[in-house]
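>>> need coordinates for the below:
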Amino acid sequence: MFNDAYSSTRNPWQLSDHYRNTRKIQSVKCLCIFAQDHRFKPIKSYQKCLGAKAAWTVGTETGETAAVSVVPTTETDDFAHAA
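Predicted coordinates:
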C-alpha cells in the first residue's frame, strides 16, 4: 500500500512523491564549495550481509547533502559512479 501511495499521482498537485523527492534532490546546487567524506557510524545499523563499510557523502556550502552512496571500501572506484 505504501509503494502504491508513494507512486500515485492522485493528489492535488498531480505529481507522485517519488518524482517530487527526485526533483528536490536534483535542485541541490553547489556554487563554490563542496566537501566529501566517508562516514562509518551510519553503516553500523545496516545488515552485515550487505557488505557496506562506509557511507560516502557530499555536502555543499549551504549545509545540504548533495549525494550519499553506501560503499564497500573507501577506494575511489567504489564511489566514482556517484561522484
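
>>> low pLDDT regions in this protein?
Applying pLDDT under 70 to the chain picks out residues 28-30, 33-34, 47-49.

>>> doesn't Thr22 lie inside a strand?
No - using DSSP: H, G, I helix; E, B strand; the rest coil, the secondary structure at Thr22 is helix, not a strand.

>>> domain ranges for the protein, per the record?
Domain assignment for the chain by automatic domain parsing gives 1-29, 31-83.

>>> most neighbours per residue, which of the ones you listed?
Greatest average neighbour count among the domains of the chain goes to domain 31-83 (a mean of 13), per mean count of other Cβ atoms under 10 Å. Any C-beta I mention is one placed from the backbone N, CA and C, and that applies to glycine too.

>>> residues contacting Ser7?
Contacts for Ser7 (Cβ atoms under 8 Å, 6 or more residues apart in numbering) come out as 16-18.

>>> can you classify the residue positioned nearest the centre of the chain by secondary structure?
Compute the mean C-alpha point of the chain, and by Cα atoms, centre = their mean the closest residue is Val68, 3.9 Å away. In terms of secondary structure, Val68 is strand; the call rests on three-state DSSP.

>>> where along this structure do the strands fall?
Per DSSP state E, the chain carries strands over the ranges 34-39, 54-60, 65-71.

>>> what's the shortest one packed up against?
With contacts defined as 3 or more Cβ pairs under 8 Å, 6 or more residues apart in numbering; DSSP states H and E, the secondary structure elements packing on strand 34-39 are strand 54-60.

>>> residue most distant from the centroid, this structure?
Pro12 (26.8 Å).

>>> quick one: end-to-end distance for stretch 70-82.
Start-to-end span of stretch 70-82 (Cα to Cα, to the nearest Å) is 10 Å.

>>> now swap in stretch 58-73 and tell me
So stretch 58-73: terminal residues 16 Å apart, Cα to Cα.

>>> contacts for it, please.
For stretch 58-73, the surrounding residues in contact (Cβ under 8 Å, 6+ apart) are 28-38, 43, 46, 50-57, 78-79, 81-83.

>>> that older thread, could I get the contacts of Ser7 as a markdown table with distance to Lys24?
Formatted as a markdown table, the contacts of Ser7 follow (distance: Cβ to Cβ, whole Å):
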| residue | distance to Lys24 |
| --- | --- |
| Ser16 | 13 |
| Asp17 | 10 |
| His18 | 11 |
